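A.B. asks: Provided below are the primary sequence and the corresponding predicted coordinates.
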Amino acid sequence: MRSSYLVSYDIADDKRLRLVFKTMRAYGDHLQFSVFECQLTAADLVRLKGELSGIIHHTQDQVLFVYLGPAEGRGDRIITALGKPYSSVDAPCIVV
């Protein structure tokens, strides 16, 4: 059974930021600069946390996992925004 998670991160180093972004692209939908929506099984969640744990600096970086409930039966994704309107991000993130 898959569950939905909102995953956001704040990474202090550009090299680690690129690695976290690349890892997250394999697990979910890129919504905003450092925000992904992921539909994960329990095993996927453990695997993702393990991969990210090996990348981040545990006293300088932060990754947040917000549980949104079961993936099935949630209906369509509805995203609203204040300020600039939300638009889907298809282009890769480039950190200079």
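C.D. replies: Here it is on my side, so go on. Residues are numbered from 1 along each chain as shown.

A.B. asks: Quick one: distance of the host helix or strand of R18 to the chain centre.
C.D. replies: Using DSSP states H and E, R18 maps to helix 14-25. Chain-centre distance of helix 14-25: 10 Å, with CA atoms, centre = their mean, to the nearest Å.

A.B. asks: what pLDDT, on average, does it get?
C.D. replies: Taken as a whole, helix 14-25 has an average pLDDT of 97.

A.B. asks: What residues sit buried inside it?
C.D. replies: By neighbour count on 16 or more other CB atoms under 10 Å, the buried set for helix 14-25 is R16, L17, R18, L19, V20, F21, T23, M24. Quick note: C-beta positions are derived from backbone N, CA and C, even for glycine.

A.B. asks: can you redo these as a markdown table with distance to F65?
C.D. replies: Shown next, in a markdown table, are the buried residues of helix 14-25 (distance: CB to CB, whole Å):
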| residue | distance to F65 |
| --- | --- |
| R16 | 18 |
| L17 | 18 |
| R18 | 20 |
| L19 | 18 |
| V20 | 13 |
| F21 | 16 |
| T23 | 14 |
| M24 | 11 |
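
A.B. asks: Just give me the closest of these to Q60.
C.D. replies: Distance to Q60, by CB to CB, is smallest for R16 among the buried residues of helix 14-25, at 8.6 Å.

A.B. asks: what sits against that closest one?
C.D. replies: R16 sits next to I55, I56, H57, D61 when contact means CB atoms under 8 Å, 6 or more residues apart in numbering.

A.B. asks: Go again with 6 Å.
C.D. replies: I55 (CB atoms under 6 Å, 6 or more residues apart in numbering).

A.B. asks: Tell me what the most centrally placed residue in the chain is bridged to.
C.D. replies: Central residue of the chain (CA atoms, centre = their mean): F36, 3.0 Å from the mean position. Beta-bridge pairing for F36 (DSSP bridges): V7, H30.
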